[in-house]
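Novice: Quick check, what structure comes out for this input:
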Amino acid sequence: MRVLFYYRGFESIGTEYLSAVLKQAGHQVELIFDPGFDDNNYMRIPVLRKLNRLDRMRERARVFQPDLICFSCLTNLYPYVSKMAAMLKQELGKPTLVGGPHPSALPEFVLSNENVDMVCLGEGEEAVVELAARMEKKEPIHDIRNIWFKENGRTIQNPVRPLIPNLDDLPLPDKDLFSRTGVFTSTVMVITSRGCSFNCAYCIHGFERSLYRETGYRLRRRSVESVMEELHLYKQKYRARTFIFEDDDFASDQEWLERFTERYRAEIGYPFYCLTNPRQISERRLGLLKAAGCYELFMGIDSGSEEIRRDRLNRKFTDRELIDTARRIKAAGILLRTTAMFAIPDETPETMTKTVKMIAEIKPNAISTFTLYPYPKTAIYAYAEQQGLIDDEVRRQIYEGLSSLHGMSVLKHPHKKLAYMYANMLPLFNLLPKFLQPLFLRFAQIEGLYWISPLFYYLFVPITYPTVGILRIKDILYLMLRSLLPEKGK
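Specialist: Numbering: from 1, shown residues only. Sure, this is the predicted structure:
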């Protein structure tokens with residue numbers, strides 16, 4: 001079987017795992033990568049659309065001549081998945097399968113797309129391998145668990161299989177698939193676990209709990225030996241010099257962390273970045289991370305209002321807990337990146353100001369700002385709908401994946417323009433001297449100037465995102481250069 005994947009904007013570890021299990025089963029795999037220069041979920045610059053080189057993507061697909069075309073789809077990637085599925089269906093006429101968070105939450109909606117033949121719900125490795133094997137042997141496919149099918153005007157809904165209990169049973173992700181596109185260079189993403197022990201109202205993990213209610217949902221972690229094997233491979237093969245651990249719960253298991261950091265420090269020794277949770281950061285764990293080479297920690301703040309965090313976001317951390325944890329991280333000599341989110345249901349100008357003031361008190365080294373995007377089937381989506389912030393038109397936009405975490409809120413929020421101003425301007429506010437912050441804050445509260453606020457976000461990215469942001473900018477510039485040059489072998 002020849003299996004073609006499409007992905008846009010960034011490296012996809014999920015796609016790399018799917019490619020790895022398919023290759024392990026003897027199938028051929030190819031990727032058409034869309035760099036998304038015009039709209040990459042962070043910046044929307046339509047004039048750069050031609051640099052995406054749709055002609056090259058189409059030609060790669062034609063040359064490969066796939067038997068199956070697969071798409072991994074986040075909600076805000078759905079518009080591009082839909083367009084590419086239409087183009088490839090017209091060009092090649094082959095079966096299409098869409099997996100990932102969006103079709104997992106909205107399988108009926110995604111299957112209603114005339115260019116989508118199948119959707120995969122939840123974890124996809126075992127399902128995709130079974131599908132490819134049966135298609136190759138021309139055996140019946142419509143009873144494969146995790147996959148829903150269209151047949152003669154009806155939808156066949158299969159249950160999900162249990163989550164893979166031992167992640168070490170999976171082959172290492174196939175990073176060659178993305179490496180040759182140039183989407184990453186010396187900074188490599190790694191994930192050591194799946195799942196999360198928390199249940200934030202805006203996160204897809206809450207939906208996954210319900211999806212796997214009957215078969216069981218839990219946080220699963222790879223062994224230290226498996227992770228070290230992967231890191232050694234990337235150090236040698238890709239000359240990796242920085243690692244980004246994308247786990248939602250990286251420091252949750254102290255016993256695992258102790259074994260990992262001891263070996264990482266002795267065998268790898270390169271700086272790394274990871275995500276954490278305020279209740280996971282004890283003095284002991286901070287010491288382990290720092291000694292191993294952690295140069296930056298990402299910790300969510302989201303809102304400076306304790307009530308909004310607790311009642312709307314299900315993040316039950318006190319203000320003092322967040323402030324003290326941030327202080328300990330910075331005192332340990334680790335850079336701190338935090339989050340701030342605006343346009344949350346029930347949020348007022350006063351609670352938004354609380355968020356700004358908390359950021360001013362914490363003074364993180366960098367801050368990632370968002371407008372809340374209510375992903376389908378999340379608890380915050382249900383609440384926003386109940387409160388009248390989602391009507392039929394807003395629901396259509398969310399189902400179609402329009403806008404993003406960095407755009408104007410899709411909700412019918414009474415203070416969405418102010419939220420947009422704060423989200424765009426807070427990263428720069430965070431870096432200003434204290435005596436300038438009140439003046440800047442007053443400017444950010446002029447809702448009528450919301451249209452100019454993205455300039456403050458875009459123009460100052462190199463200084464407001466001094467670490468991971470800079471690495472991402474370098475990768476984008478490299479991709480742009482590659483798009484202008486002839487392809488190798490042409």
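Novice: C-alpha only now, for contacts and for neighbours.
Specialist: Will do.
Novice: avg pLDDT for stretch 240-259?
Specialist: Stretch 240-259 carries an average pLDDT of 94.
Novice: mind listing what's buried in it?
Specialist: For stretch 240-259, the neighbour count (16 or more other C-alpha atoms under 10 Å) marks 240-252, 257-258 as buried.
Novice: got it, and stretch 357-365?
Specialist: Those would be 357-360, 362-365, for stretch 357-365 by 16+ other C-alpha under 10 Å.
Novice: which one of these is nearest Arg265?
Specialist: Lowest distance from Arg265 to these (C-alpha to C-alpha) belongs to Asn365, with 24.2 Å.
Novice: If you drop the residues flanking it in sequence, what lies closest to that closest one?
Specialist: Nearest residue to Asn365 in three dimensions, chain neighbours excluded: Leu336, at 5.3 Å (C-alpha to C-alpha, 6 or more residues apart in numbering).
Novice: What is the neighbour count of the one you found?
Specialist: As a burial measure, Leu336 scores 20 neighbours (other C-alpha atoms under 10 Å).
Novice: In a helix, it, correct?
Specialist: No - according to DSSP: H, G, I helix; E, B strand; the rest coil, Leu336 belongs to no helix; its state is strand.
Novice: Quick check: beta-bridge partners of it?
Specialist: Judged by DSSP bridges, the bridge partners of Leu336 are Leu297.
Novice: List the contacts of it.
Specialist: 296-299, 326, 329-330, 364-366 (C-alpha atoms under 8 Å, 6 or more residues apart in numbering).
Novice: swap the cut-off to 10 Å and go again
Specialist: 295-299, 326-327, 329-330, 362-367 (C-alpha atoms under 10 Å, 6 or more residues apart in numbering).
Novice: what two of those residues are the furthest from one another?
Specialist: Across the contacts of Leu336 (C-alpha to C-alpha), the longest gap, 17.9 Å, separates Tyr295 and Ile362.
Novice: Tell me the one among the buried residues of stretch 357-365 nearest to Leu172.
Specialist: Closest to Leu172, out of all of the buried residues of stretch 357-365 and judged by C-alpha to C-alpha, is Asn365, at 33.1 Å.
Novice: Was I right to think Ser303 contacts Glu350?
Specialist: No - between Ser303 and Glu350 there is no contact under C-alpha atoms under 10 Å: 11.5 Å.
Novice: three-state assignment of Val188?
Specialist: Assignment for Val188 (three-state DSSP): strand.
Novice: Which ones among the buried residues of stretch 357-365 lie within helices?
Specialist: 357-360, 362 (DSSP state H).
Novice: For Gly407, state which of the residues you listed is nearest.
Specialist: The closest of these, once distances to Gly407 are taken by C-alpha to C-alpha, is Ile359, at 20.9 Å.
Novice: Give me the spatial nearest neighbour of the closest one, chain neighbours excluded.
Specialist: Asn430 (7.0 Å).
Novice: Spit out the contact partners of the one you found.
Specialist: Taking C-alpha under 10 Å, 6+ apart, one finds 356-357, 359-367, 437, 464 in contact with Asn430.
Novice: let's see it at 7 Å
Specialist: 359-360, 363 (C-alpha atoms under 7 Å, 6 or more residues apart in numbering).
Novice: pLDDT wise, what is it at?
Specialist: On the pLDDT scale, Asn430 gets 92.
Novice: Next, it: phi, psi?
Specialist: Here is the backbone geometry of Asn430 (degrees, to the nearest 10): phi -60, psi -30.
Novice: again with Ile281
Specialist: phi -100, psi 80.
Novice: okay, now the residue lying closest to it once chain neighbours are set aside: neighbour count?
Specialist: Leaving aside its sequence neighbours, Ile281 sits nearest to Thr325 (C-alpha to C-alpha, 6+ apart; 6.9 Å). Residues within reach of Thr325, counting by other C-alpha under 10 Å, total 20.
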